[in-house]
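Enquirer: Could you look at this predicted model? Sequence included:
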Amino acid sequence: MKDIITIGDAMITFDPTTNGPLRNVHSFERKAGGAEFNFAIGCARLGLDTGWISRLGKDEFGKFIRNFARGEGIDVSAVKLVDGYPTSLNFKEIREDGSGSTFYYRADSPTKTLTEQTLDVDAIRQTKILHITGVFAAIDPEKNLRLLKRAVTIAKDHGALVSFDPNIRLKLWGREKARQSLSQLLPYVDIILTGVEEAELLFGVSQPDQIVAACERYGISTVAIKQGEKGAFGYMGGISMTMPPRLPKKVVDTVGAGDGFDAGFIYGVLQGWSLDRTLNFANTIGSMVVSVYGDNEGLPELDEVHIQLGEKEYVER
Ligand SMILES: O=C(O)C(=O)C[C@H](O)[C@H](O)COP(=O)(O)O
């Protein structure tokens, strides 16, 4: 039995070596990224037994990403390399304040070959939590919505919880399409990990208590609202609270903080922690991610989070 399984595309991410508009950037570092992939790395580094279902191109970039995931300890037995679809790409632009913009080259993602029929269902039958996000839904809305519905149905039939990050990427689809599609997944969701704007798009409300009420109408019992530098709001077991942020030492690249938060929150849920401990742990991971360049390089191992929280001593030499 795995702790967590996630389904999604991964991309070669080209990180600029200088900040500012991409038209003036001349060199890039080749890395790997993708919302569900980053999340899986975050979970694996915390020590969770993590699986990832995906398709990558049968090319050098696909092999690199699969090896990377395997090296992180992620179970890649449901990651297949396919002919005819080059591995997806993503170029990042980073502004002076650490915020960024993303330019996708993934219209023909290898995950187009992952269908309801070819879905690796055995993996989903043996997990405590299935984690899905709106990025994968957006890549191929009709097909992937059907696939995700099948995945969540199997997960629930086998007693797993479903966690969901709407991760709405407006460069991939429009607001109305996103709302219509993702709303169909909400009745299957147990844990939602969302930003305020995403919740507003899905539910038409923006105050935490209104969002919780909207979620409860769908049967979603655990809610985390990521509020960036304002911290996070959480609702679990009938208790709600806002957890102030853990301030990062410095902010160099904000991309990936949400994926890191998700991994930390799910870790807390799996440990049976209280809401305040879970939120504080997840916030801490978010703050560690933004202090390091790259989408997943800053994702910490478990000991590093405990050191950051002052729960463990750091021995320099
Ligand atoms: O897969 C995609 O389309 C992505 O956008 C990959 C992004 O690197 C992460 O999903 C970062 O998302 P945050 O953690 O919210 O900053």
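Expert: Cool, the structure landed.

Enquirer: Mind telling me which residue of the stretch 151-300 of the chain is nearest the ligand?
Expert: In the stretch 151-300 of the chain, the residue that lies nearest the ligand is G258 (2.8 Å; Cβ to the nearest ligand atom). C-beta: built from backbone N, CA, C; applies to glycine.

Enquirer: For the helix or strand harbouring that residue, the averaged confidence score.
Expert: For G258, the enclosing helix or strand under DSSP states H and E is helix 257-271. The predicted model assigns helix 257-271 a mean pLDDT of 98.

Enquirer: S101 sits in which helix or strand?
Expert: strand 100-105.

Enquirer: buried residues in that strand?
Expert: Along strand 100-105, these residues count as buried under the neighbour rule (16 or more other Cβ atoms under 10 Å): G100, T102, Y104.

Enquirer: Is it possible to get a markdown table of the residues you listed that adds pLDDT and distance to K230?
Expert: Shown next, in a markdown table, are those (pLDDT from 0 to 100; distance: Cβ to Cβ, whole Å):
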| residue | pLDDT | distance to K230 |
| --- | --- | --- |
| G100 | 81 | 19 |
| T102 | 92 | 23 |
| Y104 | 96 | 28 |
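
Enquirer: so which of these comes closest to the ligand?
Expert: Using Cβ to the nearest ligand atom, the buried residues of strand 100-105 come closest to the ligand at T102, 5.7 Å.

Enquirer: residues contacting that closest one?
Expert: N90, F91, K92, E93, R169, K171, V255 (Cβ atoms under 8 Å, 6 or more residues apart in numbering).

Enquirer: cutoff 10 Å now
Expert: Contacts for T102 were tallied using Cβ atoms under 10 Å, 6 or more residues apart in numbering; they are M11, T13, G33, N90, F91, K92, E93, R169, K171, L172, V255, D295.

Enquirer: What of P110?
Expert: 9-10, 54-59, 62, 80-88.

Enquirer: Sort out for me which of the residues you listed are in strands.
Expert: Using DSSP state E, the members of those that fall in strands are S54, R55, L56, G57, K80, L81, V82, S88.

Enquirer: doesn't K112 make contact with the first one?
Expert: It stands for S54. No: S54 lies out of contact with K112 (Cβ atoms under 10 Å); the separation is 11.8 Å.

Enquirer: Run through the residues of the protein sitting next to the ligand.
Expert: Contact residues, the chain versus the ligand (Cβ under 6 Å from any ligand atom): 33-35, 38, 102, 135, 167, 169, 255-259, 295.

Enquirer: if we go to 8 Å?
Expert: Contact residues (Cβ under 8 Å from any ligand atom) of the chain with the ligand: 8-11, 13, 33-38, 90, 92, 102, 104, 106, 133, 135, 138, 165, 167, 169, 172, 195, 226, 254-262, 289, 295.

Enquirer: In the stretch 101-250 of the chain, what residue comes closest to the ligand?
Expert: V135 (4.3 Å).

Enquirer: Identify each of the helices in the stretch 1-150 of the chain and give its residue range.
Expert: Ranges of helices within the stretch 1-150 of the chain are 35-45, 60-71, 121-125, 134-139, 141-157, based on DSSP state H, counting those that start in this stretch.
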